[in-house]
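Peer 1: just the structure for this:
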Amino acid sequence: MTADDFRALYERLRSQAAPPAVNGRCGALRHLTPERVAASASEVRLGRTVSMAAPIETVPGPDDPEPAVHRMTGPSPRDLRSDALHFATDRFAMNVHGDADSHLDALCHVVFDGELYGGVPASTVTDAGAGRLSVDLLGDGIVGRGVLLDIPRLRGVPWLEPGDHVTSGDLTAAEAAQGVRVGPGDLLFVRVGHRLRRTELGPWDSAAARVGLHPTAVEFLAEREVSALGGDGNNDTAPSVVEDIAFPVHVLAIHAMGTHLMDYLGFEDLVPVCTRAGRWSFLCVVAPLRLTGATGSPVNPIAVL
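Peer 2: Predicted coordinates:
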């Protein structure tokens, strides 16, 4: 994809997007109306809950050189030998935007052309945190109809190989094959098999080679008025197909359209449940941590079938 073609796509998607809201929901979450939230409850048939997050990594690997740190702060060995009351306590720290752990990107995450989404000045992000568009906009969570499109299932393979792309044609073909249609306000989840490949073959340097959406597939999100996008990879292919733009899908989805992204989710527990039920839509609950001024959050989306 040439730089000119990418710029034309960016400007087209940006012109169609809603501007940031001062209060309440902004960007693509405006498609998720109270009526659509209420209607999503009808997706529950089995009363079954399934996590779409992967366990947080604490061991270094080729795709996670700075893993999360989990340290026990109590009780001490001396406390364990006593008969008095003590509490087990611990401390946790992580790089939110790594290449292994499930996380959500806030709308302040992408700086492009010296701006954030909606023309918000990049200077609003300082050492003290993001002054606007941070993850605390999602303090009440995201609840709506989730739809999982399984691209390896469509192609008859266990996973897509790094460097491959998911196109708009793949998304519409997966809808037809799975008997589901993505609609306004939906939370779209796209499986490429990244997590299964990592489990079966071991981690690799996914910053250099991974599967994602082709930039033109973002038009599918705009046409269907999708409220959020989640993938089991980074959502962006590596190497990028756009010269000098390493993360074109992030730029288009977050910066141009105001769409929250969820990266490195895990769908391997959900796929068999959907297969047995013969249904690929569900009630979805996404609850990021309430972090003031943060550019993202670890996340554990829950599918309720």
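
Peer 1: how many neighbours does Cys256 have?
Peer 2: Just so we're on the same page, residue 256 is Ala rather than Cys. Each residue near Ala256 was counted by other Cβ atoms under 10 Å, and the total is 23. C-beta: built from backbone N, CA, C; applies to glycine.

Peer 1: enumerate every residue touching it.
Peer 2: For Ala256, the set of contacting residues under the criterion of Cβ atoms under 8 Å, 6 or more residues apart in numbering consists of 10, 13-14, 17, 117.

Peer 1: quick one: pLDDT of the residue of the chain most remote from its centre?
Peer 2: Relative to the centre of the chain, the most outlying C-alpha is that of Asp83, 46.3 Å out, by Cα atoms, centre = their mean. Note for Asp83: predicted pLDDT of 89.

Peer 1: likewise Gly24?
Peer 2: The predicted local confidence for Gly24 comes out at a pLDDT of 52.

Peer 1: for Val192, what are its contacts?
Peer 2: With contact taken as Cβ under 8 Å, 6+ apart, Val192 is in contact with 151-152, 159-160, 164, 166, 211-212, 231-233.

Peer 1: measure it to Leu160 for me?
Peer 2: Remark: distance between Val192 and Leu160 (Cβ to Cβ, to the nearest Å) = 5 Å.

Peer 1: which neighbours do the two share?
Peer 2: With contacts defined as Cβ under 8 Å, 6+ apart, the residues shared by Val192 and Leu160 are 151-152, 166, 211.

Peer 1: who wins for most neighbours among those residues?
Peer 2: Result: Val211 is most packed of the shared contacts of Val192 and Leu160 (other Cβ under 10 Å), 28 neighbours.

Peer 1: figure out how far stretch 82-97 is from the centre of its chain.
Peer 2: Stretch 82-97 sits 28 Å away from the centroid of its parent chain (Cα atoms, centre = their mean, to the nearest Å).

Peer 1: that one: which residues count as buried?
Peer 2: Within stretch 82-97, the residues that count as buried by 16 or more other Cβ atoms under 10 Å are 94, 96.

Peer 1: now Thr124. Its backbone dihedrals?
Peer 2: phi -70, psi -10 (degrees, to the nearest 10).

Peer 1: could you find the closest non-adjacent residue to it?
Peer 2: Closest residue to Thr124 in three dimensions, ignoring its sequence neighbours and counting by Cβ to Cβ, 6 or more residues apart in numbering: Gly131, at 4.0 Å.

Peer 1: biggest helix in this protein by residues?
Peer 2: The residue-count maximum for a helix in the chain (DSSP state H) belongs to helix 3-16.

Peer 1: which helices and strands sit right next to that helix?
Peer 2: Where contact means 3 or more Cβ pairs under 8 Å, 6 or more residues apart in numbering; DSSP states H and E, helix 3-16 is packed against helix 218-224.

Peer 1: list the buried residues of the helix it packs on.
Peer 2: The neighbour-count check on helix 218-224 (16+ other Cβ under 10 Å) flags 218-222, 224 as buried.

Peer 1: separation between Arg45 and Gly185?
Peer 2: Counting by Cβ to Cβ, the gap between Arg45 and Gly185 amounts to 20 Å.

Peer 1: need the contact list for Val273.
Peer 2: By Cβ under 8 Å, 6+ apart, the contact list for Val273 reads 48, 50, 303, 305.

Peer 1: tell me the pLDDT at the first one?
Peer 2: If you check Arg48, the pLDDT there is 97.

Peer 1: ok, it touching Leu283?
Peer 2: No - assessed by Cβ atoms under 8 Å, Arg48 is found out of contact with Leu283, at 10.6 Å.

Peer 1: what is in contact with these two at once?
Peer 2: Counting by Cβ under 8 Å, 6+ apart, the contacts common to Arg48 and Leu283 are 304-305.
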